[in-house]
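> Just to be clear, the model below is a prediction. Sequence and coordinates:
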Amino acid sequence: MGTALLSLQSDFAASTAPRVIRYPAGTITYHADSTDTGGQFALLEMDAEPGVEPPLHVHRYEDELFYVIEGQLKVYRGAEEITLNPGDSGLLPRNVPHTFKIVSRRARFLVYLTPGGFEAYFRDVVQVLKNAEPGQQLPVPEMLVIAGRYGLTFMP
């Protein structure tokens with residue numbers, strides 16, 4: 001039985017980074033990261049509860065595409081508000097302020113990032129949180145340093 005990941009790894013170097021990251025309110029599964037795709041893209045699956053959503057932000061380098069598998073998201077893209085239900089997708093282009101809210105009890109959705117590289121941001125954040133007290137949020141100064149490494153700007 002083949003998988004998309006195996007077909008990618010036959011052409012590109014396999015990532016040695018963790019493929020599944022667990023944090024208090026969810027899980028991120030890396031179906032493909034930039035080392036699997038020669039930097040072209042990353043494909044993540046998010047399984048999360050409300051409360052883990054990021055503040056309004058801008059990506060300098062990558063576009064994101066959300067595809068909802070289960071649950072419901074409300075996506076804010078520039079001045080637009082879009083509701084995404086299972087089977088719906090929404091493009092969040094670089095340099096456009098955006099965020100999302102999980103409006104169901106739980107949501108499971110794919111995040112396609114192109115080009116790849118930003119997926120490492122989540123690994124960095126979760127690594128820092130491993131040393132935090134249970135329920136502790138990432139300190140804002142540390143979050144801003146990590147975000148800056150990936151061309152991510154949080155909006156006031």
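Noted; the coordinates are in hand. Residues are numbered from 1 along each chain as shown.

> The chain: strands as residue ranges?
Assigned strands in the chain, in chain order: 20-23, 26-32, 42-48, 57-59, 63-70, 73-77, 80-84, 89-92, 98-102, 107-114, 152-154 (criterion: DSSP state E).

> Please work out how many residues are found near Val75.
For Val75, the neighbour count with other CB atoms under 10 Å is 21. Backbone N, C-alpha and C define where each C-beta goes, glycine included.

> Confirm for me that it is in contact with Ser89.
No. The criterion here is CB atoms under 8 Å, and Val75 misses it with Ser89 at 9.9 Å.

> Now do the shared contacts for these two.
Shared contacts of Val75 and Ser89, defined by CB atoms under 8 Å, 6 or more residues apart in numbering, comprise Phe66.

> what about stretch 109-117, average pLDDT?
Averaged over stretch 109-117, pLDDT sits at 98.

> Repeat that for stretch 84-94.
98.

> Buried residues of it, list them for me.
Within stretch 84-94, the residues scored as buried using 16 or more other CB atoms under 10 Å are 84, 90, 92.

> ok, now how distant is the second one from Phe66?
Here the distance between Gly90 and Phe66 works out to 5 Å (CB to CB, to the nearest Å).
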